[in-house]
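Asks: A structural model of the following input is requested.
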Amino acid sequence: MELKNAMAVSVSGLKAQEMRVRVISENIANAESVATTPGGDPYRRKLVEFSNQLDRASGVDKVEIKRVIRDSGDFQQRYDPNHPAADANGYVKMPNVERFIEMMDLKEAQRSYSANLEALESSRNMLRETINILSPQ
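Replies: As a prediction, the model looks like this:
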């Protein structure tokens, strides 16, 4: 049943993008989360890695979440000598989260989610029409 397979692929894409939106939201929420002690590390940005997984039962490739990793990019530095996490020079390590980049990633994830949803709806409508054609009146 090819339409069922198409629907399964779309559902796997929906789940993957849902996780991506969740991780991006966490990044945005923690964009100002710093350590409370001098020399401590602040929040580190997270990224979602995807992979193709063959579903042996249906013979189609589905998108799966391979893992959620931490971005190894450098932390930003902000001069704030009165902050409890400031180093000896008065600098505080800030998260490696760029809100602009997160917002662009979020927009891309939303568009991917919408595309998968539209593909799922199309497959469902085609399946419904096929059933209507094949069922006796």
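Asks: which residue is nearest the middle of this structure?
Replies: The chain has residue 20 as the residue nearest its centroid, 0.9 Å off, counting by C-alpha atoms, centre = their mean.
Asks: So that one is in contact with residue 111, correct?
Replies: No: counting by C-beta atoms under 8 Å, residue 20 sits too far from residue 111 to count as a contact (11.4 Å). (C-beta placed from N, C-alpha, C; glycine too.)
Asks: ok so, going back, the residue nearest to the centre of the chain: what's it in contact with?
Replies: Contact analysis of residue 20 by C-beta atoms under 8 Å, 6 or more residues apart in numbering lists 48, 105, 109, 112.
Asks: In strands, which of these fall?
Replies: residue 48 (DSSP state E).
Asks: okay if I get the contacts of residue 20 as TSV plus distance to residue 39 and neighbour count?
Replies: TSV is the format used below for the contacts of residue 20 (distance: C-beta to C-beta, whole Å; neighbours: other C-beta atoms under 10 Å):
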residue	distance to residue 39	neighbour count
48	29	19
105	30	19
109	34	21
112	39	17
